[in-house]
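K.L.:
Compute the structure for the input listed below.
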Amino acid sequence: MPESDAAIAGRIHELVAEHAPQLTPKTWYSQPAYANKEGKVILFVESAAKFKTRYCTLGFSEDAALDDGEIWPTSFAVISVTAAVEKKIADLIVRAAG
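P.N.:
The predicted structure follows:
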(Lines give C-alpha, C1' and ligand atoms only; values in the text may rest on other atoms or scores of the structure.)
Protein backbone atom coordinates (compact mmCIF):
# COMPACT_ATOMS: atom_id res chain seq x y z
CA MET A 1 0.00 0.00 0.00
CA PRO A 2 1.49 3.38 -0.93
CA GLU A 3 2.53 5.64 1.93
CA SER A 4 -0.41 8.04 1.50
CA ASP A 5 -2.97 5.21 1.62
CA ALA A 6 -1.10 3.51 4.47
CA ALA A 7 -1.27 6.71 6.50
CA ILE A 8 -5.04 6.92 5.99
CA ALA A 9 -5.50 3.20 6.76
CA GLY A 10 -3.33 3.56 9.86
CA ARG A 11 -5.37 6.44 11.21
CA ILE A 12 -8.62 4.58 10.51
CA HIS A 13 -7.17 1.60 12.40
CA GLU A 14 -6.49 3.86 15.40
CA LEU A 15 -10.04 5.25 15.23
CA VAL A 16 -11.55 1.75 15.09
CA ALA A 17 -9.44 0.66 18.07
CA GLU A 18 -10.55 3.73 20.02
CA HIS A 19 -14.26 3.84 19.11
CA ALA A 20 -15.15 0.20 18.36
CA PRO A 21 -12.62 -2.03 20.15
CA GLN A 22 -15.05 -4.94 19.84
CA LEU A 23 -14.27 -5.14 16.10
CA THR A 24 -11.46 -7.48 15.10
CA PRO A 25 -8.85 -6.36 12.55
CA LYS A 26 -8.37 -8.70 9.59
CA THR A 27 -7.62 -8.56 5.90
CA TRP A 28 -10.40 -8.76 3.35
CA TYR A 29 -9.44 -9.10 -0.31
CA SER A 30 -5.91 -8.24 0.87
CA GLN A 31 -7.11 -4.93 2.34
CA PRO A 32 -7.51 -3.81 5.99
CA ALA A 33 -10.93 -4.66 7.41
CA TYR A 34 -12.73 -5.00 10.73
CA ALA A 35 -15.18 -7.76 11.66
CA ASN A 36 -17.83 -8.15 14.33
CA LYS A 37 -18.00 -11.01 16.86
CA GLU A 38 -19.69 -13.21 14.26
CA GLY A 39 -16.73 -12.72 11.93
CA LYS A 40 -18.66 -10.57 9.45
CA VAL A 41 -16.74 -7.66 7.97
CA ILE A 42 -18.33 -4.36 8.99
CA LEU A 43 -15.92 -1.85 7.48
CA PHE A 44 -12.88 -1.90 5.25
CA VAL A 45 -10.27 0.31 3.61
CA GLU A 46 -9.51 0.06 -0.11
CA SER A 47 -6.19 1.35 -1.38
CA ALA A 48 -6.34 3.67 -4.38
CA ALA A 49 -3.32 1.91 -5.88
CA LYS A 50 -4.76 -1.60 -5.63
CA PHE A 51 -7.96 -0.65 -7.44
CA LYS A 52 -6.38 2.00 -9.69
CA THR A 53 -8.65 4.77 -8.42
CA ARG A 54 -7.75 8.34 -7.55
CA TYR A 55 -8.60 8.04 -3.85
CA CYS A 56 -8.48 5.65 -0.91
CA THR A 57 -11.93 4.44 0.15
CA LEU A 58 -13.53 3.71 3.51
CA GLY A 59 -16.31 1.22 2.86
CA PHE A 60 -19.04 -0.48 4.84
CA SER A 61 -20.59 -3.89 4.23
CA GLU A 62 -24.26 -4.78 4.33
CA ASP A 63 -23.71 -5.94 7.92
CA ALA A 64 -22.83 -2.42 9.08
CA ALA A 65 -25.60 -0.76 11.08
CA LEU A 66 -25.83 2.28 8.80
CA ASP A 67 -29.31 1.79 7.36
CA ASP A 68 -31.04 5.16 7.08
CA GLY A 69 -34.35 5.07 5.25
CA GLU A 70 -34.33 3.95 1.65
CA ILE A 71 -30.89 5.24 0.60
CA TRP A 72 -27.55 5.72 2.35
CA PRO A 73 -23.87 5.80 1.36
CA THR A 74 -21.79 2.65 1.74
CA SER A 75 -18.37 4.06 0.91
CA PHE A 76 -16.50 7.31 1.22
CA ALA A 77 -13.50 8.70 -0.64
CA VAL A 78 -10.80 9.69 1.86
CA ILE A 79 -8.25 12.16 0.54
CA SER A 80 -6.74 13.14 3.89
CA VAL A 81 -7.57 12.69 7.56
CA THR A 82 -8.07 16.07 9.19
CA ALA A 83 -9.68 16.64 12.60
CA ALA A 84 -13.07 17.16 10.92
CA VAL A 85 -12.67 14.00 8.83
CA GLU A 86 -11.63 12.02 11.94
CA LYS A 87 -14.86 13.11 13.65
CA LYS A 88 -16.97 11.96 10.70
CA ILE A 89 -15.11 8.65 10.44
CA ALA A 90 -15.40 8.03 14.20
CA ASP A 91 -19.16 8.70 14.06
CA LEU A 92 -19.53 6.26 11.15
CA ILE A 93 -17.47 3.60 12.94
CA VAL A 94 -19.62 3.84 16.06
CA ARG A 95 -22.85 3.65 14.05
CA ALA A 96 -21.59 0.83 11.82
CA ALA A 97 -20.48 -1.30 14.77
CA GLY A 98 -23.94 -0.97 16.29
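K.L.:
W72 in helix, strand or coil?
P.N.:
Three-state call for W72 (DSSP: H, G, I helix; E, B strand; the rest coil): coil.
K.L.:
how about the nearest residue to it, chain neighbours excluded?
P.N.:
Sequence neighbours aside, L66 is the residue nearest to W72 in space, at 5.7 Å (criterion: CB to CB, 6 or more residues apart in numbering). The C-beta positions use only the backbone N, C-alpha and C, and glycine is treated the same way.
K.L.:
residues in contact with that neighbour?
P.N.:
60, 72-74, 92, 95-96 (CB atoms under 8 Å, 6 or more residues apart in numbering).
K.L.:
my read: A77 touches F51, true?
P.N.:
No: with contact defined as CB atoms under 8 Å, A77 does not reach F51; the gap is 11.8 Å.
K.L.:
which residue ranges form the helices in the chain?
P.N.:
3-19, 48-51, 83-97 (DSSP state H).
K.L.:
Out of the contacts of L66, which comes closest to A20?
P.N.:
A96 (7.7 Å; CB to CB).
K.L.:
Pull up the gap between the closest one and R11, please.
P.N.:
According to CB to CB, to the nearest Å, A96 stands 16 Å off from R11.
K.L.:
who's more crowded, the two?
P.N.:
A96 (22 against 17; other CB atoms under 10 Å).
K.L.:
Am I right that that one is in contact with A64?
P.N.:
Yes: A96 lies in contact with A64 (CB under 8 Å); the separation is 3.8 Å.
K.L.:
Show me the common contact partners of the two, please.
P.N.:
Joint contacts of A96 and A64 (CB under 8 Å, 6+ apart) are 42-43.
K.L.:
what's the burial count for the closest residue to P25 other than its chain neighbours?
P.N.:
Using CB to CB, 6+ apart and skipping residues adjacent in sequence, the residue nearest P25 is Y34, 5.8 Å away. The number of residues packed near Y34 is 25, by other CB under 10 Å.
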